[in-house]
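Visitor: A predicted structure for the sequence below; I have some questions about it.
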Amino acid sequence: MILDGKVVASARKEELKKVLQEFPKQLHLAVILVGNHPASRSYVASKERACHEVGIDSQVIRLDEGITTGELKEVIISLNRDERVDGILVQTPLPDHINEQEILETIDPSKDVDCFHPYNVGRLFLGQPIVQPCTPKGVMEILRYYGIEVSGKKAAVIGRSNIVGKPMAALLLQANATVTICHSRTQNLAEEVKQADIVVAAVGKPRMITQEMIKPGAIVIDVGINRVDDPTTDKGYRLVGDVDFEGVKEVASAITPVPGGVGLMTVAELLWNTYTLARCRS
Ligand code: NAD
């Protein structure tokens, strides 16, 4: 079975549109884009489009690559104070000279749509989240949509980043899975992954998860988005996941494609987080 992110994301957006019709306030999301990183620009554009689709006002604040940490903090502080603004998102990666952690900690936790502020991360790991990070939440929504039981299952998360791997493990644990987190120092990765009923790959290495690593019948979720050269396309590249889709789909019982999988869910859950925070603050 193909777990179709397009179908689930569109259902999530439709559901939100209905909820927003009953909500008394016009929602407003502020997105900060520093510099000219091509992938970041395209992510920000897709977030803007998605806001428009469900009727959320979005404001993209484009800032020069040379901005200092202090100046960027000032921009965030003024958005924190602005009553109109329900959610603030700083698109990462930021230029190397900017202290990313300091920036993320400047965002008011009650407007932190990405769930990156230590207060929200802490609540998440205590099992008391207000919002959940968009990509891992998107994965959980795919599993829920397709009626895939998580409780009691063995799950392997490959990758331990703060954005995907760690919160993904926290959400699976909260859903009562037995979770193994694999990373760059894991010995016998294949052996660990082969035990799992649910595999979530979030590494950033094209097609590194291969057929032999997957237990027959497992559910495979591919978070990876990697550009690989492809001279036959207009852009000269195409996107592939961390999972060797062609091989793994032969043994898995269900799998997400790339593109068309988790990426679309990330944006849908960002919209939901904007609403959730606005509701909590109202
Ligand atoms: P990251 O570079 O911060 O983390 C990668 C993780 O992979 C690290 O924890 C590292 O320990 C682990 N790793 C590296 N080599 C490994 C190996 N050989 N074996 C096992 N683990 C290994 O990356 P990230 O931000 O977590 O993103 C991971 C991937 O997910 C990237 O391709 C990124 O583009 C993609 N991503 C997709 C979405 C989405 O919306 N679908 C959102 C965020 C990130």
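Guide: Happy to help now that I have it. Not measured: the values here are computed from a predicted model.

Visitor: For the rest of this, base every contact and every neighbour count on C-alpha atoms.
Guide: OK.

Visitor: and G66, how many neighbours does it have?
Guide: By other C-alpha atoms under 10 Å, 11 other residues sit near G66.

Visitor: Got the phi and psi for V243?
Guide: V243 adopts backbone torsions of phi -110, psi 140, taken as degrees, to the nearest 10.

Visitor: give me every residue that touches it.
Guide: A201, P206, R207, M208, I209, T210, D222, G224 (C-alpha atoms under 8 Å, 6 or more residues apart in numbering).

Visitor: is it fair to say R227 lies in a strand?
Guide: Yes. The assignment for R227 by DSSP: H, G, I helix; E, B strand; the rest coil puts it in a strand.

Visitor: buried residues in stretch 271-282?
Guide: Buried residues in stretch 271-282, counting neighbours by 16 or more other C-alpha atoms under 10 Å, are found at L271, W272, N273, T274, Y275, T276, L277, A278.

Visitor: Same question for stretch 256-268.
Guide: Using 16+ other C-alpha under 10 Å as the test for burial, stretch 256-268 gives T256, P257, V258, P259, G261, V262, G263, L264, M265, T266, V267, A268.

Visitor: Using the three-state scheme, assign P129.
Guide: Relying on three-state DSSP, one would call P129 coil.

Visitor: From Q91, how far out is the nearest residue to it once chain neighbours are set aside?
Guide: Nearest residue to P129 in three dimensions, chain neighbours excluded: R123, at 4.9 Å (C-alpha to C-alpha, 6 or more residues apart in numbering). Distance of R123 to Q91, computed by C-alpha to C-alpha, to the nearest Å: 22 Å.

Visitor: how is the chain carved up into domains?
Guide: For the chain, automatic domain parsing gives the domain ranges 25-108, 134-263.

Visitor: right, is the last one up against the ligand?
Guide: Yes. Between domain 134-263 and the ligand, judged by C-alpha under 6 Å from any ligand atom, the touching residues are 135, 158-161, 163-165, 182-184, 202-204, 223-226, 262-263.

Visitor: Sort out which of those residues are buried, if you could.
Guide: Of the residues of domain 134-263 next to the ligand, these count as buried by 16+ other C-alpha under 10 Å: 135, 158-160, 163-165, 182-183, 202-204, 223-226, 262-263.
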